[in-house]
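**Student:** give me coordinates for this.
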Amino acid sequence: MSIKLFVYGTLRYGEGNWRHYLSGFPAEEDTLSGAILKNLGGFPGLRFVEDKTKKVIGELFNITKTTLCKIDGLEGFKGEDVEGNLFDRVTVTLDSGIEAFTYVWCYQDNSPIIESGNWIQEIRGRVRNARY
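**Tutor:** Numbering: from 1, shown residues only. Purely as a prediction, here's the structure:
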């Protein structure tokens, strides 16, 4: 049985963690309304907001339970209602209507918001700006 997982950061196609965890699985683009991305430095964190016009751009993967457990470790998810999670794993309904798991940043902080909702666009912009 495959498990649907929506990813929006370093697990996206071609990114560093994709190579280690998801390279054997096909991906489809999708979006999640009512959410924003925070720039946490080397990775983004998703937070829900009331403004449904805000969107996070990501990819939907069909993965195995074994892969999900490995990604739980990467995301610092120790289990539901467990104190000390870095991210919580939750079920969301994507804009395509598909239900999937995703990871939500557990902490309120002052990290900058990625206005585009697109982590890859954000990091490519940083790399481009760093060259000039």
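**Student:** these two touch, right, Phe101 and Asp88?
**Tutor:** No - the criterion here is C-beta atoms under 8 Å, and Phe101 misses it with Asp88 at 10.3 Å. Quick note: C-beta positions are derived from backbone N, CA and C, even for glycine.
**Student:** wasn't Val92 part of a strand?
**Tutor:** Yes - using DSSP: H, G, I helix; E, B strand; the rest coil, the assignment for Val92 is a strand.
**Student:** what's the closest non-adjacent residue to it?
**Tutor:** Thr102 (5.3 Å; C-beta to C-beta, 6 or more residues apart in numbering).
**Student:** next up, the contacts around Ile36.
**Tutor:** Contact analysis of Ile36 by C-beta atoms under 8 Å, 6 or more residues apart in numbering lists Leu46, Arg47, Val49, Lys54, Val56, Ile113, Ile114, Gly117.
**Student:** who wins on neighbours among those residues?
**Tutor:** Val56 (28 neighbours; other C-beta atoms under 10 Å).
**Student:** buried set for the helix or strand hosting that one?
**Tutor:** In this assignment (DSSP states H and E), Val56 forms part of strand 55-63. Buried residues in strand 55-63, counted by 16 or more other C-beta atoms under 10 Å: Lys55, Val56, Ile57, Gly58, Glu59, Leu60, Phe61, Ile63.
**Student:** chain center to that strand, what's the gap?
**Tutor:** In terms of C-alpha atoms, centre = their mean, to the nearest Å, the centre of strand 55-63 is found 7 Å from the chain centre.
**Student:** for it, give me every contacting residue.
**Tutor:** Against strand 55-63 from outside (C-beta under 8 Å, 6+ apart): 2-9, 12-13, 22, 25-33, 35-37, 46, 71, 94-96, 98, 100, 102, 116-119, 121.
**Student:** same thing with stretch 76-90?
**Tutor:** For stretch 76-90, the external contacting residues (C-beta under 8 Å, 6+ apart) are Gly45, Asp72, Glu75, Phe101, Thr102, Tyr103, Val104, Trp105, Cys106.
**Student:** many thanks, we can stop here.
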